[in-house]
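Asker: Dropping a prediction and its sequence here:
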Amino acid sequence: GESQWQISISSSKQNDNKTRKLIDINSSLAGIAIALPAPLGKQKHEQRPLSIKTTLLDSAIEKIDIDFDGMLYTDIILDNTPDLKNKKMNVGLGDQATVTDNEHDIALQGELEQLDLSEWIKFLDIKQLDNDKKNNKTILMDFFVKRLKMLDNNFNDVQIKLTRSDKDWHISFDSPDIKGIAKLIDVKDSEHERLEVDLEYIAIHGSEEKDKSSTVAIKNLPELQVNIAKTIYKNNDLGQTTLTTKNITDGVNIEKLSFVKPDFSINASGKWTRADNIDRSEFSATLDAASINDMFAAFGYQGANIEEGKTNITLSANWLYTPMNFSLENINGQLDMNIEKGRFLDIDPSAGRLFGLLSLQTLPRRLALDFSDLFKKGFAFDSINGDFSLQQGHAYTNALQMKGPAADIIVSGRTGIVTEDYDQIATITPKLSISLPIASALFGPVGIGVGAVIYLTGELFESIPRNINKILSYQYSITGSWDNPNIEKIKDKTSG
């Protein structure tokens, strides 16, 4: 673009008869667009004052002072060779004037209101910066950011310190949400750098923004070795995090991604590829928890009224877009769930994301029948097993089965993971060890007679219990929302 500029030049003679010229250049930059990430970028119509001052002693430039919009100040000292190479540069951010740094060739210090680190990483060509290594220039960046955007999340009040040695970049973060160090290492005989990250903790609060059209240059990503002692995601403690990646021809191999804490672990591996400018992610993961309660707690659901239930879940899934753009409405794959002996007492309705567990546990307290004797101490179960097909935000199963000493329940149908609703059929088969009063409550007068026969002859005829179990099975439809499902009896086998 174009803008108006004001230039003033004044000169004076020095005692040594040398001529000193002061040059002052100013512009509002209106009419000029600056294609830089915030806070240095600007639209063409915006006014952001720029002032450039320099002193010429005869033909030599002593120093160049730059003031951009009162938020970036730069002192540049040139070597006055024919190439006018930069000898030293000090940069001040915010309202802080430049601070002379005699230890580094390039020093940036100060404070910023906000900074999008991800955008600057996209903009800067680290490899090009590394080409300056042959000039043996040392770099220091030490500044405070009130709001740092990184990994699609905001981190508040972050002190960042970045230095470059002869070969590697070192960066440290210190804030209430992130603390630790990272090193970008130039790997010998490799076209990719390696980023080693070692954090004491990180708290990721989640982002409402979903940038599915991410343009991360996947081929330029460094290989990762990440270790985080404590990871908090949306206020949920996921424990220690480990991530290892290797670059491949068309993307990135996620060799290991794990979250581990006492009584809970997730171990995963996968691949992120890009073909024809379309991202695709594939992952396999295994979750192990000492109890259902530990699993719910890890994801922020109240599960204090669920006892025991050692849990194992395996997942094989894929979705379009990058791993960072994971969303339930796009996931496809297979989920297998196995839960050992435990007891349901009550459950947070939002925990229905476990693809039907809520409908199983909701049945006893929502059916029109009186289950108070059968479930007065909660519904104990020996096992829960289920296989689910995940398709575009829905989970389908033909046999989610809960076996218990009082009854067996089989659920088939659909659970809406995104829409948070049910469309299922549940089959409940009480066990023959139930007492006569319970049989009466479940099946009325007919139940008393049938229950008496079972009770008196159950020990004599092994075949009778198996057949009577089928006769006493009831089926119910489960539809509607997770919070308020509609449960209706659809078949009464005892009446047939």
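Answerer: Thanks, I have the structure now. What you see is a predicted model; the values in this text were computed from it and never measured. Numbering: from 1, shown residues only.
Asker: Helices of the stretch 151-300 of the chain, residue ranges please.
Answerer: 292-298 (DSSP state H, counting those that start in this stretch).
Asker: which residue sits closest to I254 in space, ignoring its chain neighbours?
Answerer: Nearest residue to I254 in three dimensions, chain neighbours excluded: G270, at 4.5 Å (Cβ to Cβ, 6 or more residues apart in numbering). Just so you know, the C-beta spots here come from the backbone N, C-alpha and C atoms, and that holds for glycine as well.
Asker: Check I34 too.
Answerer: That would be K42: by Cβ to Cβ, 6+ apart, it lies 4.7 Å from I34.
Asker: Give me the phi and psi for that neighbour.
Answerer: phi -160, psi 150 (degrees, to the nearest 10).
Asker: quick revisit: identify the bridge partners of the residue nearest to I254.
Answerer: Per DSSP bridges, the residues bridged to G270 are I254, F283.
Asker: N15: what secondary structure?
Answerer: coil (DSSP: H, G, I helix; E, B strand; the rest coil).
Asker: pLDDT below threshold where in the stretch 151-300 of the chain?
Answerer: 166, 189-191, 206-217 (pLDDT under 70).
Asker: My error: substitute the stretch 351-496 of the chain in the last question.
Answerer: For the stretch 351-496 of the chain (pLDDT under 70), the answer is 351-378, 432-472, 491-496.
Asker: do that again at 90, thanks
Answerer: Counting by pLDDT under 90, the stretch 351-496 of the chain shows low-confidence ranges at 351-381, 384, 386, 392-393, 398-400, 402-411, 415-422, 426-496.
Asker: what about the closest residue to I181 other than its chain neighbours, neighbour count?
Answerer: In space, and not counting its chain neighbours, I181 is closest to S172: 4.8 Å by Cβ to Cβ, 6+ apart. S172 has 14 neighbours, counted by other Cβ atoms under 10 Å.
Asker: My read is that S172 contacts V158, right?
Answerer: No - applying Cβ atoms under 8 Å as the test, S172 and V158 come out as separate, 10.1 Å apart.
Asker: can you pull the buried residues of the helix or strand containing T397?
Answerer: Per DSSP states H and E: T397 is located in strand 394-403. Of all the residues in strand 394-403, those buried under the rule 16 or more other Cβ atoms under 10 Å are 394-397, 400-403.
Asker: Give me the phi and psi for A35.
Answerer: phi -90, psi 70.
Asker: That one touches G41, doesn't it?
Answerer: Yes - applying Cβ under 8 Å, one finds A35 in contact with G41, separated by 6.5 Å.
Asker: Looking at those two, which has the bigger crowd around it?
Answerer: For A35 versus G41, the count of surrounding residues by other Cβ under 10 Å is larger for G41: 14 against 8.
Asker: List the contacts of the more buried one.
Answerer: 34-35 (Cβ atoms under 8 Å, 6 or more residues apart in numbering).
Asker: what does E255 give?
Answerer: Contacts of E255 (Cβ under 8 Å, 6+ apart): 244-246, 269.
Asker: likewise G110?
Answerer: 91-94, 96, 143-144.
Asker: how about the strands in the stretch 51-200 of the chain?
Answerer: Secondary structure of the stretch 51-200 of the chain (DSSP state E, counting those that start in this stretch): strands at 60-68, 72-78, 86-93, 106-116, 139-150, 153-164, 169-174, 178-185, 194-204.
Asker: Those into a markdown table, with extra columns for distance to S284?
Answerer: Putting these into a markdown table (distance: least, Cβ to Cβ, whole Å) gives the following:
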| stretch | distance to S284 |
| --- | --- |
| strand 60-68 | 50 |
| strand 72-78 | 47 |
| strand 86-93 | 45 |
| strand 106-116 | 33 |
| strand 139-150 | 28 |
| strand 153-164 | 26 |
| strand 169-174 | 31 |
| strand 178-185 | 27 |
| strand 194-204 | 23 |
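Asker: Out of these, flag the one nearest T427.
Answerer: Judged by Cβ to Cβ, the one of the strands of the stretch 51-200 of the chain that comes nearest to T427 is strand 194-204, at 41.7 Å.
Asker: contact partners of that closest one?
Answerer: With Cβ under 8 Å, 6+ apart, strand 194-204 has contacts from 151, 153, 173, 176-185, 187, 222-234, 241.
Asker: Recalculate using a threshold of 7 Å.
Answerer: 153, 177-185, 187, 222-233 (Cβ atoms under 7 Å, 6 or more residues apart in numbering).
Asker: That strand to strand 139-150, inter-axis angle?
Answerer: 40 degrees (axes from the mean of the first three to the mean of the last three Cα atoms, to 10 degrees).
Asker: Next, the buried residues of strand 194-204.
Answerer: Of the residues in strand 194-204, those buried (16+ other Cβ under 10 Å) are 194-197, 199, 202-204.
Asker: what two of the residues you listed have the greatest distance between them?
Answerer: Across those (Cβ to Cβ), the longest gap, 25.4 Å, separates R194 and A203.
Asker: Could you find the closest non-adjacent residue to L93?
Answerer: According to Cβ to Cβ, 6+ apart, the nearest residue to L93 is G110 (3.0 Å).
Asker: Let me know the distance separating the one you found from I487.
Answerer: With the distance defined as Cβ to Cβ, to the nearest Å, G110 ends up 63 Å from I487.
Asker: M141 too?
Answerer: 61 Å.
Asker: Quick one: mean pLDDT over stretch 314-334.
Answerer: Averaged over stretch 314-334, pLDDT sits at 88.
Asker: That stretch spans what distance, first to last residue?
Answerer: 8 Å (Cα to Cα, to the nearest Å).
Asker: How far off centre is it?
Answerer: When distances are taken as Cα atoms, centre = their mean, to the nearest Å, stretch 314-334 is centred 13 Å away from the chain's centroid.
Asker: Start at 625, not 1
Answerer: Happy to do that; since the first residue is 625 now, the last one works out to stretch 938-958.
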